[in-house]
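Asker: Could you look at this predicted model? Sequence included:
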Amino acid sequence: MGKIDDAVCIIDDDPAVRKGLARLLRSAHLAVATYASAAEFLGRADDDGVGCIVLDVRMPGLDGMSMQARLAALGDQPPIIFLTGHGDIPMSVQAMKQGAFDFLTKPVDEEVLLNAVHQALTRHGADHADRIERQALRARLESLTPREQEVLRLVITGALNKQIAATLGIAEKTVKIHRGRVMEKMEASSVAALLNLCRQVGIQPPQGLQTQADWGR
């Protein structure tokens with residue numbers, strides 16, 4: 001989703017349920033948007049501001065479980081709290097396996113629902129922050145030259161400058177320059193910090209290369 005805030009999207013084909021849930025959530029000072037169907041939600045013009053979704057399971061057209069799968073396939077799934085009067089254990093297990101945040105049955109205790117919504121919004125905020133951080137890390141990686149990327153992958157094995165120079169067939173002085181630029185561009189204060197940043201975006205030390213301990217053997 002785009003802009004982040006505390007908007008809760010209620011998707012239920014029952015007008016009375018939508019009205020009651022909206023009143024409850026607004027009483028807790030939460031922004032609320034209501035939709036009568038999954039298709040209405042998916043077809044909305046503005047896709048910003050979704051903090052979590054309170055979703056009915058059985059609805060005409062695209063049901064809740066199918067909508068969950070659709071959002072997952074799009075890679076754009078805010079926390080989903082299923083709220084249904086027709087739930088059963090196998091259905092709840094399936095929903096949770098597919099990434100649902102919670103599965104509640106009607107009639108739901110108001111405090112239970114509010115607690116679930118607040119926790120879902122907290123999760124969404126944390127997930128959003130993680131995505132922003134990973135995007136920033138990828139941008140830093142993309143700012144590295146091809147040679148700097150080669151040096152980075154050797155640095156995170158623990159190799160010393162002279163060992164990197166021998167591996168790449170370049171001067172140790174040149175390695176030192178590249179290494180300094182890598183650390184600066186990646187905003188890393190140490191090799192351990194650089195390794196941690198790389199792991200956050202799925203980069204591990206190359207397999208089959210020597211580690212610092214191996215270099216000394």
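Answerer: That came through fine. Residues are numbered from 1 along each chain as shown.
Asker: close enough to count as contact, residue 198 and residue 204?
Answerer: Yes. Here residue 198 lies in contact with residue 204, judged by CB atoms under 8 Å, at a distance of 7.3 Å. C-beta here means a position set from N, CA and C on the backbone, and glycine is covered the same way.
Asker: more crowded one of these two?
Answerer: Set residue 198 next to residue 204 and count neighbours by other CB atoms under 10 Å: residue 198 wins out with 20 against 10.
Asker: The more buried one - that's part of a helix, no?
Answerer: Yes. Counting by DSSP: H, G, I helix; E, B strand; the rest coil, residue 198 is found in a helix.
Asker: Residue 154 versus that one, what's the distance?
Answerer: With distances taken as CB to CB, to the nearest Å, residue 198 is found 12 Å from residue 154.
Asker: Check the residue nearest to residue 63 when sequence neighbours are not counted and give its pLDDT.
Answerer: Distances taken as CB to CB, 6 or more residues apart in numbering place residue 57 nearest to residue 63, at 6.3 Å, with adjacent residues excluded. If you check residue 57, the pLDDT there is 89.
Asker: What values do phi and psi take at residue 158?
Answerer: phi 90, psi 10 (degrees, to the nearest 10).
Asker: you'd agree it is up against residue 192?
Answerer: No. Using CB under 8 Å, residue 158 and residue 192 do not qualify as a contacting pair, with a distance of 9.7 Å.
Asker: Give me the more crowded residue out of those two.
Answerer: More neighbours surround residue 158 than the other of residue 158 and residue 192, with 18 against 11 (other CB under 10 Å).
Asker: quick one: the strands in the chain?
Answerer: Under the criterion DSSP state E, strands of the chain are mapped to 7-11, 32-35, 50-55, 80-84, 102-105.
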